[in-house]
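[1] I would like the atomic coordinates for the input below:
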Amino acid sequence: MHDVTSSAAGTLITSNFTDQLQISVWEETVLSIHDGNAILPCHFFSGFLSHQIIVLWQRVETKEILWSYYHGQNQLNEQSQQYSGRVSLFPEELERGNASLKFENVKLNDAGKYMCSVRTPLENSTGILSLQIAAYYTEPSLRIVQTSNGTNFIFESRGFPEPTVSWLKDKHLDISALSETLCQLGEDGLYSVQSSLQINGTSMSSNFTFRLLNDVLQQSISWTFELSSDIDTGIENRYRWILLAVLVIAELVITAILISKKPVSLKPAK
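    The predicted structure follows:
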């Protein structure tokens, strides 16, 4: 019999076979950070000595064995090599009904479903949960490229999963449709994101904001910069810039030297 009930801590999923043995998984999905650690929870109502308890952790999709415990000790002869040295039980907690698995150095390809099986002299039961992996996006780097049509501002960052990217003008006007964003999945499983916005002379007295959102981790990155110009009417808006970009904590500081008839400055918006 399979029961599902609600609690303040989340959804309690239980696999019921007898009144003596019941496995509880307090989270249907466990979220972990790439290269971080995770605890895959598995609890049962015990009342037995450790040598009477058998615990088996497996990956559902591949049937690979992460950890097995019986006869009062760990049994790792059939453990999959990719989990060797990265997973472990809490043996002192088994008699208290805690068969949770500690997962270290979690990778993106570890995402999937995992099954905890517990057997006692009376009965056996299983519980299944999902492991979701995400990676914080790196602080974006900025490249500025001058073209015949204007100036391209290009932000680049890496993380997981695919983010939501947007551009704003004067802090409220969404101009994302004017930008170009490319997301590519790398060999390490992380997304490389490149987003560019071309600005021409008609937008020289405005501020612009680049935003990147990692919904899974609720991570938000925002960079705002301001362009100002005192160019006289009738002067052709063709510029060649030599720019030195310096990133300081959460601010974007750019020093610009303009080769033109009138000066144009690029500075962080306040």
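
[2] can you confirm Leu94 is in a helix?
    Yes: assessed with DSSP: H, G, I helix; E, B strand; the rest coil, Leu94 lies in a helix.

[3] Now do the same contact list for the residue nearest to it when sequence neighbours are not counted.
    Nearest residue to Leu94, sequence neighbours excluded (C-beta to C-beta, 6 or more residues apart in numbering): Ser50, at 4.9 Å. In this view, the C-beta of every residue, glycine as well, is placed from N, C-alpha and C. By C-beta atoms under 8 Å, 6 or more residues apart in numbering, the contact set of Ser50 is Gly72, Pro91, Leu94, Glu95.

[4] Who wins on neighbours among the residues you listed?
    Comparing these on neighbour count, Leu94 comes out first with 22 neighbours (neighbours: other C-beta atoms under 10 Å).

[5] And the pLDDT for it?
    The model reports Leu94 with a pLDDT of 92.

[6] Wait, it touches Gln52, no?
    No: look at Leu94 against Gln52 with C-beta atoms under 8 Å: they stay out of range, at 9.8 Å.

[7] any idea how far Glu95 is from Arg150?
    Just to correct that, residue 150 is Gly rather than Arg. According to C-beta to C-beta, to the nearest Å, Gly150 stands 70 Å off from Glu95.

[8] ah, wrong one, I meant Asn105
    According to C-beta to C-beta, Asn105 stands 28 Å off from Glu95.

[9] cool, and Ser84?
    Plainly put, Ser84 is 26 Å away from Glu95 if you go by C-beta to C-beta.

[10] ok, now Ile54?
    Taking C-beta to C-beta, one finds Ile54 at 13 Å from Glu95.

[11] cool, Asp174 as well?
    According to C-beta to C-beta, Asp174 stands 58 Å off from Glu95.
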